[in-house]
Each structure stands twice: as structure tokens, then as C-alpha cells.
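# structural data only, the sequence is not supplied:
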């Protein structure tokens with residue numbers, strides 16, 4: 001029997017930050033995302049196990065700032081795992097707003 005080991009980094013939000021409500025929490029996630037994305041050119045997985053929801057402050061300081069720094073092309077490297085349908089919809093809506101604000105193609 002063989003075990004496949006992920007070749008891309010997996011960042012678990014619940015272990016990186018104590019919550020998903022504040023700018024400070026979002027900034028902690030941003031730092032981890034930047035480090036993982038700078039370290040290698042492939043995808044980076046964001047594991048949402050244990051995450052209930054996100055505040056706009058958290059999203060602005062993490063994913064919004066990531067989009068501003070890396071653009072749509074860099075943002076497309078981000079993968080999600082262990083999410084609920086409502087979380088996925090919230091993130092899609094948020095990123096559509098960010099892309100529109102930056103007159104960019106939606107990720």
C-alpha cells in the first residue's frame with residue numbers, strides 16, 4: 001500500500017490564528033500565505049477545518065491583501081479544503097467584490 005503525500009503546502013487556518021474575526025487574525029494568515037507562496041511556485045491549500053465564518057475585517061486583511069499583492073494570477077494558486085458550502089459562497093462573493101474593485105478578472 002502506498003500513501004500519497006501532498007506536494008503543496010497545506011495551511012490550516014485554525015492553527016495559524018485564534019479566530020477569523022479581526023484584522024490581526026487576517027494578517028497572521030496573510031503572512032503564512034505569503035511565506036508558503038513565495039517558497040514554491042505551485043498551489044497552496046487553505047484548510048478551513050474548524051472555521052465557522054469570516055468577518056470582513058479578517059478577509060480584507062488576509063485574502064483581500066493577498067489579491068492586492070499577488071494579483072489574480074497569484075491568487076488562483078490558492079486551493080480550499082474542508083469548507084462548508086456557505087463558506088465557499090461567502091468567499092466567492094467576497095473575491096468577486098475584490099476583483100471588481102480592482103477592475104480585475106475574477107479568480
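Sure, I can see it. Note that the structure is a prediction, hence the values are computed from the model and not measured. Residues are numbered from 1 along each chain as shown.
# could you list the low-confidence segments of this structure?
Where the chain drops to pLDDT under 70, the residues are 1-7, 104-107.
# got the residue ranges for the strands in it?
10-12, 44-47, 78-81 (DSSP state E).
# for the second one, the distance to its chain's centre please.
Right, strand 44-47. From the chain centre to the centre of strand 44-47 is a distance of 7 Å (C-alpha atoms, centre = their mean, to the nearest Å).
# and it, which strands flank it?
For strand 44-47, the paired strands and their directions (DSSP bridges) read strand 10-12 (parallel), strand 78-81 (parallel).
# deepest-packed of the ones you listed, please.
Of all the strands paired with strand 44-47, strand 10-12 has the most neighbours on average by mean count of other C-beta atoms under 10 Å, namely a mean of 16. To be clear about C-beta, it is placed using only N, CA and C from the backbone, and glycine gets the same treatment.
# residues touching that strand, excluding its own?
With contacts defined as C-beta atoms under 8 Å, 6 or more residues apart in numbering, strand 10-12 is touched by 29, 32, 33, 36, 44, 45, 46, 47, 49, 81.
# before I go, just wanted to say thanks for your time.
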